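Asker: structure of the sequence below:
(one chain, ligands or ions: 1)
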Amino acid sequence: MTAPADWMGDRVRIVGAGPTGALLAILLRRRGLAVTIYESRADPRGAPPPTGRSINLALADRGIAALRRVGLFAEVFARLVPMSGRLIHDVQGATSLQPYGMRAAEVIYSISRHGLNQALLDLAIGQYGVDVVFEHRLEAADFAAGVAQLRDLRRDRPVSVPMRPLLSCDGAGSRLRRDMQAAGLIAASQQALDHGYKELKIPAGAGGEYRMLKNALHIWPRGEHMLIALPNDDASFTATLFMPNTGPTSFASLSGPAEIENFLTGHFPDVAPLMPDRVAEFLAHPTGFLGTVHASPWAVGGQAAIIGDAAHAIVPFHGQGMNCCLEDCLEFDACLDGQTDWENCFREFHARRKPNTDAIAIMALENYLEMREHVADARFRLRSALALELERRFPERFIPRYSMVMFHHEIPYATALARGRVQGRLLEELTAGASTLAEVDFGRAESEILRQLEPLATIRSSVTNE
Ligand SMILES: Cc1cc2nc3c(=O)[nH]c(=O)nc-3n(C[C@H](O)[C@H](O)[C@H](O)COP(=O)(O)OP(=O)(O)OC[C@H]3O[C@@H](n4cnc5c(N)ncnc54)[C@H](O)[C@@H]3O)c2cc1C
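Answerer: Got it, this is the predicted structure:
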């Protein structure tokens, strides 16, 4: 580890030992900085997964690049379950596979949230000597005094720590963000989606086998609501039902066991029998909140900054929230190069990162409609097939937007959004009046691509992240 510059101070304090806080701590330790993390929960290492948060997550290229940077990807790899595409289930139970990418290696991975968090903390504490103080909750920040107030939950007593810097990675409901906002130091809002989610379990078969196709992300698109399921490495699946909170078919309308049973067996007849505890789980599991956090700027002088979900939580429909947070950590680390103080570092981080986190927030919301509705539509399927075919023919200029986001960490989110808009219009035009790929005019496709889309090589060479 190199010696930290004088301006960096003697210790960085981080709030929250989730994926963002743990990875950030490792990266700062690699720069020789002393780091203490304060985490409100008890040590998760060796403990069973907590209930109430999503059990598994989709890990993609951006998250993988970050894990590779600290040497963790090889270690977690054995526990990942690759998913090569979306397996769409219609109401009759018929299925069709929509591949995610054009190459065999273009897969996303299902990973246990708890397992990944444990691995990050093991590395942070065991190998890098990060000091993690569990059961300490940030309760308030006094920016005038430069002091953060925490509570030691074991002894129920207050603890004060200096900021400068305090890096708050305390998730979507961030205490620090709310205090910065209340003090009028930043503008922030949480835009609630009027849909929520609930998790249900699909256990492994009696012989320990997967009861549906293992290497796919399963989707039951039903218009206003949808069910998805990701495989776990113990041959179970975790299903998540996304649905309006209120209205005729909603979490509010499904209150009794009979209604719940009718709803699940009526809309998802092929998978409902694979969820033996469906009604009891539906009643017992909390309905999760979904929303997008907007905040700007992300720091107060050189004292304190919010990073990860605390700064820009998004809805989960692109499977990018955590991937984006892990990429934040690499970007933050890069912003430390050549700096002279924390304030400059925070300012540069916000300037470089905000256009990209804004872009993924938009794409995540757009993907909800795609998953619950469009994937079942023949025109959408033709456009998706054409997008992959155009990538095969013109890989230097055309990469489907989903692939840019999931498989190309060298392409910033904002670029994926901007190019995706041009490509989307092109796909609409090229498929107008066509019902198969054979009917598409590829000569016109080529000339439009050459005219409208810059070569990707220029973007790739300008990106510093790995
Ligand atoms: C249903 C659902 C599905 C998702 N699926 C995916 C997916 O497939 N792929 C993906 O990339 N992302 C996914 N996400 C998003 C992902 O969960 C988040 O983006 C990610 O967990 C954010 O990491 P974080 O460390 O910033 O925050 P968190 O994971 O929320 O961690 C924050 C930490 O701070 C602690 N903390 C909070 N408040 C305090 C306090 N006051 N004092 C001290 N400690 C505190 C918490 O206990 C926690 O440990 C999903 C999210 C949801 C809700």
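Asker: shaky segments in the stretch 51-200 of the chain?
Answerer: By pLDDT under 70, the low-scoring segments of the stretch 51-200 of the chain are 51-54.
Asker: give me the residue from it nearest the ligand.
Answerer: Distances between the stretch 51-200 of the chain and the ligand by CB to the nearest ligand atom are smallest at residue 171, namely 2.6 Å. C-beta: built from backbone N, CA, C; applies to glycine.
Asker: and the closest residue to that residue other than its chain neighbours, how far is that from the ligand?
Answerer: Setting aside the residues directly before and after it, residue 171 is nearest to residue 309 in space (CB to CB, 6 or more residues apart in numbering), at 4.8 Å. As judged by CB to the nearest ligand atom, to the nearest Å, residue 309 and the ligand stand 4 Å apart.
Asker: what of residue 235?
Answerer: Taking CB to the nearest ligand atom, one finds residue 235 at 19 Å from the ligand.
Asker: cool, residue 302 as well?
Answerer: Distance from residue 302 to the ligand, by CB to the nearest ligand atom: 21 Å.
Asker: what sits against that residue?
Answerer: 164-165, 341-343, 345-346 (CB atoms under 8 Å, 6 or more residues apart in numbering).
Asker: kindly report the same for residue 317.
Answerer: So residue 317 contacts 364-365, 367-368, 370-371 (CB under 8 Å, 6+ apart).
Asker: by neighbour count, which of those residues wins?
Answerer: residue 364 (23 neighbours; other CB atoms under 10 Å).
Asker: mind checking which helix or strand it is in?
Answerer: helix 342-372 (DSSP states H and E).
Asker: check which element follows that helix along the chain.
Answerer: Assignment by DSSP H and E places the next element after helix 342-372 at helix 378-393.
Asker: buried stuff in stretch 283-303?
Answerer: Using 16 or more other CB atoms under 10 Å as the test for burial, stretch 283-303 gives 285, 287, 290-295, 297-303.
Asker: show me how far that stretch is from its chain's centre.
Answerer: Computed by CA atoms, centre = their mean, to the nearest Å, the chain-centroid distance of stretch 283-303 equals 13 Å.
Asker: thought residue 49 was touching residue 117?
Answerer: No - the pair residue 49 / residue 117 is not scored as a contact, 9.1 Å apart, by CB atoms under 8 Å.
Asker: quick one: which of those two has more around it?
Answerer: residue 117 (21 against 15).
Asker: a strand runs through the more buried one, doesn't it?
Answerer: No - under DSSP: H, G, I helix; E, B strand; the rest coil, residue 117 falls outside any strand and is assigned helix.
Asker: contacts only, for it.
Answerer: So residue 117 contacts 17-19, 22, 44 (CB under 8 Å, 6+ apart).
Asker: go again using 6 Å as the cut-off
Answerer: residue 44 (CB atoms under 6 Å, 6 or more residues apart in numbering).
Asker: tell me the spatial nearest neighbour of the most centrally placed residue in the chain, not counting adjacent residues.
Answerer: Ranked by distance to the mean C-alpha position of the chain (CA atoms, centre = their mean), the top residue is residue 321 at 1.9 Å. In this structure, residue 321 finds its nearest non-sequential neighbour in residue 314, 5.4 Å apart by CB to CB, 6+ apart.
Asker: let me know whether that neighbour touches residue 361 as I believe.
Answerer: Yes - with contacts counted by CB atoms under 6 Å, residue 314 reaches residue 361, the gap being 4.7 Å.
Asker: quick one: residue 109 and residue 80 touch, right?
Answerer: Yes - with contact defined as CB under 6 Å, residue 109 counts as touching residue 80 (4.0 Å).
Asker: for the residue of the stretch 51-200 of the chain closest to the ligand, phi and psi?
Answerer: The phi and psi values for residue 171, taken as degrees, to the nearest 10, are phi 80, psi -180.
Asker: now for residue 49 and residue 117: what residues contact both?
Answerer: Here residue 49 and residue 117 share no contacting residue, scored by CB under 6 Å, 6+ apart.
Asker: in the stretch 201-350 of the chain, where is pLDDT below threshold?
Answerer: Short version for the stretch 201-350 of the chain, where the test is pLDDT under 70: none.
Asker: got the residues of it near the ligand?
Answerer: Neighbours of the ligand within the stretch 201-350 of the chain, by CB under 6 Å from any ligand atom: 288, 308-309, 316, 319-323, 325.
Asker: please pick the buried ones from the residues you listed.
Answerer: Buried among these (16+ other CB under 10 Å): 308-309, 316, 319-323, 325.
Asker: need the contact list for residue 237.
Answerer: Contacts of residue 237 (CB under 6 Å, 6+ apart): 202, 229, 231.
Asker: tell me the one of these nearest residue 84?
Answerer: Nearest to residue 84 among the contacts of residue 237: residue 231, at 11.5 Å, using CB to CB.
Asker: how many neighbours does the residue nearest to that closest one when sequence neighbours are not counted have?
Answerer: What sits nearest to residue 231 in space, not counting adjacent residues and going by CB to CB, 6+ apart, is residue 81, at 4.5 Å. Neighbourhood size, residue 81 [other CB under 10 Å]: 22.
Asker: ok, now residue 94?
Answerer: 9.
Asker: and residue 396, what is it in contact with?
Answerer: Residue 396 touches 455-456, counting by CB under 6 Å, 6+ apart.
Asker: and it, what element?
Answerer: Using DSSP H and E, residue 396 falls outside every helix and strand.
Asker: contacting residues for residue 102?
Answerer: Taking CB under 6 Å, 6+ apart as the test, what residue 102 contacts is 388, 391-392.
Asker: most neighbours out of the contacts of residue 237, which is it?
Answerer: Highest count within those by other CB under 10 Å belongs to residue 229, 28 neighbours.
Asker: residues in a beta bridge with it, which ones?
Answerer: Beta bridges link residue 229 to residue 218, residue 239 when assigned by DSSP bridges.
Asker: check whether it really touches residue 239, as I assumed.
Answerer: Yes - counting by CB under 6 Å, residue 239 is a contact partner of residue 229 at 4.1 Å.
Asker: how about the residues of the stretch 1-150 of the chain that lie near the ligand?
Answerer: 15-21, 38-41, 54, 57-58, 137-138.
Asker: shared neighbours of residue 314 and residue 361, which are they?
Answerer: Residues touching both residue 314 and residue 361 comprise residue 292, with contact defined as CB under 6 Å, 6+ apart.
Asker: tell me how far residue 87 lies from residue 419.
Answerer: According to CB to CB, to the nearest Å, residue 87 stands 28 Å off from residue 419.
Asker: then residue 363?
Answerer: Taking CB to CB, one finds residue 363 at 12 Å from residue 419.
Asker: then residue 246?
Answerer: In this view, residue 246 and residue 419 are 37 Å apart by CB to CB.
Asker: of these two, give the one with the bigger neighbour count.
Answerer: Each of residue 246 and residue 419 has its neighbours counted (other CB under 10 Å); residue 419 has more, 22 against 11.
Asker: return the alpha-carbon coordinates of the helix or strand containing the more buried one using PDB.
Answerer: Following DSSP H and E, one finds residue 419 within helix 413-431. Written as PDB, here are the backbone C-alpha positions of helix 413-431 (Å, rounded to 0.1, in the frame of the first residue of the first chain):
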ATOM      1  CA  TYR A 413     -24.500   4.300 -19.300                       C
ATOM      2  CA  ALA A 414     -25.100   7.700 -20.800                       C
ATOM      3  CA  THR A 415     -23.600   6.600 -24.100                       C
ATOM      4  CA  ALA A 416     -25.700   3.400 -24.000                       C
ATOM      5  CA  LEU A 417     -28.900   5.500 -23.500                       C
ATOM      6  CA  ALA A 418     -28.000   8.000 -26.300                       C
ATOM      7  CA  ARG A 419     -27.000   5.300 -28.800                       C
ATOM      8  CA  GLY A 420     -29.900   3.200 -27.700                       C
ATOM      9  CA  ARG A 421     -32.400   5.900 -28.700                       C
ATOM     10  CA  VAL A 422     -30.900   6.200 -32.200                       C
ATOM     11  CA  GLN A 423     -30.800   2.400 -32.500                       C
ATOM     12  CA  GLY A 424     -34.400   2.000 -31.300                       C
ATOM     13  CA  ARG A 425     -35.700   4.400 -34.000                       C
ATOM     14  CA  LEU A 426     -33.700   2.500 -36.600                       C
ATOM     15  CA  LEU A 427     -35.000  -0.900 -35.500                       C
ATOM     16  CA  GLU A 428     -38.600   0.500 -35.600                       C
ATOM     17  CA  GLU A 429     -38.000   1.700 -39.200                       C
ATOM     18  CA  LEU A 430     -36.300  -1.400 -40.400                       C
ATOM     19  CA  THR A 431     -39.000  -3.700 -39.100                       C
END
